[in-house]
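K.L.:
here's a sequence, model it:
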Amino acid sequence: MMENDDDVSLFDAEEDVGTKSKKTIKHPLASFFHLFFRVSAILVYLLCKFFSSSFIAPMVMVILLLSCDFWTVKGSGKKQLVSDSESRIFWLGLIVCPILWGIFAFSALFSFNIKWLPVVIMGLVLQGANMYGYVRCRVGGKTSLKNMATNYFGRQFLKQALSKEGES
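P.N.:
Take a look at the predicted model:
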């Protein structure tokens, strides 16, 4: 994956403008379709069981919707300025959806609903890869994800140790 600052600029939300423009959404179509394709893929998975016993059509729909999401997010990354609201919408959608697909995967596995597992795995893989790519771009060459996680958990452990020591 090539690292390009232009691809990540949409989601940095570093603006030197007033608070009024930070709360407005400058690119409503990009924000809408980012969430629309992700939520639609989840709804197709959840509702397809009521309308059909086939898993081929839902799998195709999930793949198409998540592919459209990737294209929309990648294509909208070329814009330069975004608001804090757009940044929050993007990162919320980027993180929450793979978590939901993970929950669906465990649910399908533990309920022995194995025939739906390929659909869920495809959703998890596509959303997870998208999330990993953007988190990796966000972190960039500054540090690896492993070092970032290690530093975070190290700080949390140190905070807990210091707070317990202060209570003694």
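K.L.:
alpha carbons only for contacts and neighbour counts from here, please
P.N.:
Will do.
K.L.:
where along the chain do the helices fall?
P.N.:
For the chain, the helices defined by DSSP state H occupy 5-8, 19-23, 28-51, 56-76, 84-110, 117-139, 145-167.
K.L.:
including mean pLDDT and mean neighbour count, could those helices go into TSV?
P.N.:
Shown next, in TSV, are the helices of the chain (pLDDT from 0 to 100; neighbours: other C-alpha atoms under 10 Å):
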stretch	mean pLDDT	mean neighbour count
helix 5-8	44	16
helix 19-23	51	13
helix 28-51	87	16
helix 56-76	81	18
helix 84-110	88	18
helix 117-139	84	19
helix 145-167	70	11
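K.L.:
for the residue nearest to residue 67 when sequence neighbours are not counted, what are its contacts?
P.N.:
Of all residues not flanking residue 67 in the chain, residue 126 sits nearest, at 8.0 Å (C-alpha to C-alpha, 6 or more residues apart in numbering). Counting by C-alpha atoms under 8 Å, 6 or more residues apart in numbering, residue 126 touches 63, 66-67.
K.L.:
go again using 10 Å as the cut-off
P.N.:
Contacts for residue 126 (C-alpha atoms under 10 Å, 6 or more residues apart in numbering) come out as 62-63, 66-67, 69-70, 98, 101, 120, 132.
K.L.:
distance of it relative to residue 112?
P.N.:
Using C-alpha to C-alpha, to the nearest Å, residue 126 is found at 23 Å from residue 112.
K.L.:
over to residue 27?
P.N.:
From residue 27 to residue 112 the distance is 43 Å (C-alpha to C-alpha).
K.L.:
ok, now residue 64?
P.N.:
As judged by C-alpha to C-alpha, residue 64 and residue 112 stand 26 Å apart.
K.L.:
brilliant, that's me finished.
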